[in-house]
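Asker: Sharing a sequence plus its predicted fold:
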Amino acid sequence: MTNTTTLPDDLDKLIACPSCDLLQQRVIPAPGKFSRCPRCHSMLISNKRNVIDNTLASAVSTAILMCAAVFFPFISLKGAGLTRDASVMDAIGAFTSGFMAPLTLAVAAFIVIIPVLRATALFYALAPLRFGRRPAKHAAKSFRLAMALKPWSMAEIFVVGVVVALVKVVDLADVSLGPSFWAFAALVLIVVFENSTLCKWTIWRLLAPNK
Amino acid sequence: MQVDDLATSGSKQVTARAANLVACRSCGTLAPMGQTACRRCHAALSSREPDSLSRVWAWLTAGVILYIPANIYPMLLTKTLGSQEESTIVGGAIELVHYGAYFVAFIVLFASVAIPVAKFFAIGLLAWSVQRGSRLSGHRRMQLYEITEFIGRWSMIDVFVVAILTALVQLGFLASINPGPAAVCFALSVVFTMLSAQSFDPRLIWDSIEESDRRAER
Ligand SMILES: [Zn+2]
């Protein structure tokens, strides 16, 4: 196989499947459609309209909802004449003693810190594009960070955890869900929305078009 | 090889590696083989993740080992009127059945037992099939990989449940509940298994299939 000089321009006419490495002609799908690898059926390019707008919208609403989710109670208990609310801060502080302390940090990271960090990184990377400016200095780095953190952002799993915990204590006290629970539930919808709209391939080409 | 040659190469499937190219896994940009950083997103480039399989096995082993104490030790320590009750992951689910909360018991068992165990086998099978070959088709293995990647995080549910229950206790409600050592073991087991799945380079599946096809042709 001869390896003649392949210019970057030439290379951008091709695409290699990220899951199976199959080299193929790059075909941008029609608006609203997506393309799959012919060999392994992985998604290659999803040509959704307003990728930047939608991703920014989900980042901003994640940040706003997270503020509500952290400081408002997610569970209220009534029993023995008392009414108490538990906020996410209380749940995070649950593992403070001894060898449980690292778990505190992990729980805080999974349900609050990482989702907020992701939202911030996405905003930092994409907001300048939205307003027609040049990407920020560390835009590439922060977008990569946002993508790497994705599996570790677990706010939506916490919502299911709250429901399970609720069932466990329902016999012991009168329980009701607080406003923060609904903020978290809305976060779940945002996660679903973001997953359906975000195409890494497209965003990278908007972030760094002439490379 | 020129770009136009590839377009006309017809049925013959060529990987980026075979064409002496590296695809960036972060942004998809192609680069000549040997280039170390992607010119578009600056991520490190590698045609195949280095030591993918040994990292898969190492994280998987750690995850499986920690899953054992996660099931033996109690997840929750409940004190009521002088008597202490300890409940393990499975014990907690059985308790839920006693409350009549069958669906929630099912969720807990599914997230804390079925998913982790299935995930151990799935990742093991994927790595094994690359090393030893498998009769499973590439598509089946790809599906297995995608499901494993997607579903693994959901095992974290039980850890969050313990955190929430403990929080409620600290508010002075429930008698006394404390997280047991299993909570830490279980959380670590989930994290290690996620790292194991992330270490797996799916391109190896297709390499192994190409390899076995080539051997069959010979
Ligand atoms: Zn593919």
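Answerer: Looks like it came in fine.
Asker: Can you read off the backbone torsions of the residue nearest to the spatial centre of chain A?
Answerer: Nearest residue to the geometric centre of chain A (CA atoms, centre = their mean): A:Lys150, 5.1 Å. Here is the backbone geometry of A:Lys150 (degrees, to the nearest 10): phi -50, psi -50.
Asker: Can you give me the domain boundaries for chain B?
Answerer: Domain ranges of chain B: B:1-47, B:49-217, per automatic domain parsing.
Asker: any chance you could map the helices in the chain?
Answerer: Let's take chain A. In chain A, the helices defined using DSSP state H lie at A:8-11, A:51-71, A:88-92, A:101-108, A:114-130, A:139-149, A:155-169, A:179-197, A:200-207.
Asker: was after chain B, sorry
Answerer: With helices called from DSSP H, chain B shows them at B:3-7, B:52-72, B:89-99, B:102-109, B:115-132, B:138-151, B:157-170, B:181-199, B:203-217.
Asker: and those, which is most packed in?
Answerer: helix B:157-170 (a mean of 26; mean count of other CB atoms under 10 Å in any protein chain shown). In short, each C-beta sits where N, CA and C put it, glycine included.
Asker: Against A:Ser87, how distant is B:Arg214?
Answerer: Distance, B:Arg214 to A:Ser87, by CB to CB, to the nearest Å: 60 Å.
Asker: Tell me where the chain is predicted with low confidence.
Answerer: Because you didn't say which chain, this covers chain A. Judged by pLDDT under 70, chain A has its weakly predicted residues at A:1-9, A:79-80, A:93-99, A:172, A:211.
Asker: that's the other chain; I wanted chain B
Answerer: B:1-12, B:80-82, B:169-175.
Asker: Enumerate the residues of it near the ion.
Answerer: Residues of chain B found near the ion (CB under 5 Å from the ion): none.
Asker: give me that answer again for 8 Å
Answerer: Within reach of the ion by CB under 8 Å from the ion, chain B has these residues: B:Trp206.
Asker: correct me, but B:Glu149 touches B:Ser196?
Answerer: No: taking contacts as CB atoms under 8 Å, B:Glu149 lies outside contact range of B:Ser196: 10.8 Å.
Asker: how many neighbours does the closest residue in space to A:Phe71 that isn't next to it in sequence have?
Answerer: Closest residue to A:Phe71 apart from its sequence neighbours, by CB to CB, 6 or more residues apart in numbering or on different chains: A:Ser87 at 6.3 Å. When neighbours are counted by other CB atoms under 10 Å in any protein chain shown, A:Ser87 registers 19.
Asker: Surely A:Ser87 and A:Ser76 touch.
Answerer: No: contact criterion CB under 8 Å: A:Ser87 and A:Ser76 do not qualify, at 10.4 Å.
Asker: anything in contact with each of these two?
Answerer: Listed as contacting both A:Ser87 and A:Ser76 by CB atoms under 8 Å, 6 or more residues apart in numbering or on different chains are A:Gly178.
Asker: Turn the domains of chain B into JSON lines, including distance to A:Ser19.
Answerer: What follows is those, written out as JSON lines (distance: least, CB to CB, whole Å):
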{"stretch": "domain B:1-47", "distance to A:Ser19": "9"}
{"stretch": "domain B:49-217", "distance to A:Ser19": "5"}
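Asker: Mind checking the ones you listed for the one nearest to A:Ile45?
Answerer: Of all these, it is domain B:1-47 that lies closest to A:Ile45, at 8.4 Å by CB to CB.
Asker: OK, contacts around the residue nearest to the centre of chain A?
Answerer: Here A:Lys150 is in contact with A:Arg118 (CB under 8 Å, 6+ apart).
Asker: do you know how far it is from B:Phe150?
Answerer: Distance from A:Lys150 to B:Phe150, by CB to CB: 11 Å.
Asker: can you check B:Ser134 too?
Answerer: With CB to CB as the criterion, B:Ser134 and B:Phe150 are 21 Å apart.
Asker: A:Leu198 now?
Answerer: A:Leu198 sits 15 Å away from B:Phe150, going by CB to CB.
Asker: Likewise for B:Ile115?
Answerer: 11 Å.
Asker: cool, B:Met75 as well?
Answerer: In terms of CB to CB, B:Met75 sits 25 Å off from B:Phe150.
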